[in-house]
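sequence-free structure coming up:
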Ligand code: DX5
Ligand code: ZN
């Protein structure tokens with residue numbers, strides 16, 4: 001399983017990126033919030049561009065925003081982004097946005113909140129490279145993992161039926177809950193790593 005470290009709860013994001021550049025993690029998970037799709041705001045596009053300059057890992061960008069296209073336009077020249085993920089629940093032309101993400105050379109992801117039916121991804125399977133299954137309500141780091149994520153993840157695995165789509169899980173993952181999502185391809189881990197005095201030791205505890 002690959003690790004994508006969310007820097008949402010980092011007190012000093014640059015310091016954590018510099019430290020984790022030297023670890024075995026695969027991505028930095030960049031949580032973007034607009035104060036509309038979720039009540040908090042985080043990371044303007046210029047902040048993401050600044051952070052990308054010091055990162056030696058690829059970015060996995062999670063857009064918790066109502067209007068992803070305007071944000072994507074601002075970051076479309078960043079070469080160290082691998083995935084850009086949007087939410088299925090927004091009231092926008094999802095297929096059009098997913099095709100723009102691919103057109104700009106990124107891999108496209110679709111995220112679903114804990115109460116969104118897993119079957120709702122079915123119409124988009126040819127348009128995506130990743131499904132981001134939320135295991136907490138989006139909006140805040142440090143929440144508790146929702147237990148029925150395990151069964152939802154299993155259902156998604158059956159739905160994608162061998163297609164080349166990565167399964168990523170986000171929220172409340174730590175050294176105890178990571179075993180509950182062992183069939184995922186990518187685990188997003190935030191506060192378990194970034195609120196510790198020794199982030200590198202926390203990564204070892206995840207045993208991935
Ligand atoms: C929640 C974010 C998550 C979160 C993960 O809205 O999408 O990426 O920061 O943080 P932890 O691991 O603290 O739940
Ligand atoms: Zn996230």
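In hand now; what should we look at? None of the values given here were measured: they were computed from a predicted structure. Ligands and ions are numbered 1, 2, ... in the order given.

The residue of the chain found nearest ligand 2 and residue 112: what is the separation?
When you check the chain against ligand 2 by CB to the ion, the closest residue turns out to be residue 62, at 3.8 Å. Quick note: C-beta positions are derived from backbone N, CA and C, even for glycine. Here residue 62 is placed at a distance of 12 Å from residue 112 (CB to CB, to the nearest Å).

Show me the common contact partners of these two, please.
Contact with both residue 62 and residue 112 is made by residues residue 132, according to CB atoms under 8 Å, 6 or more residues apart in numbering.

Just want the most central residue of this structure.
For the chain, the residue whose C-alpha lies nearest the mean C-alpha position (CA atoms, centre = their mean) is residue 62; its distance is 4.7 Å.

Is ligand 1 within reach of the helix of greatest length in the chain?
For the chain, the helix that runs over the most residues, judged by DSSP state H, is helix 149-160. No: among the residues of helix 149-160, none lie within reach of ligand 1 under CB under 6 Å from any ligand atom; the closest is 11.9 Å away.

And stretch 51-59, by the same measure?
No: looking at stretch 51-59 against ligand 1 by CB under 6 Å from any ligand atom, there are no contacts, and the closest approach is 12.8 Å.

Please work out which residues outside that stretch touch it.
Under the contact criterion CB under 8 Å, 6+ apart, stretch 51-59 has outside partners 7, 13-14, 17-18, 20-21, 25-28, 30, 48, 78, 80-83.

Cool, thanks, talk later.
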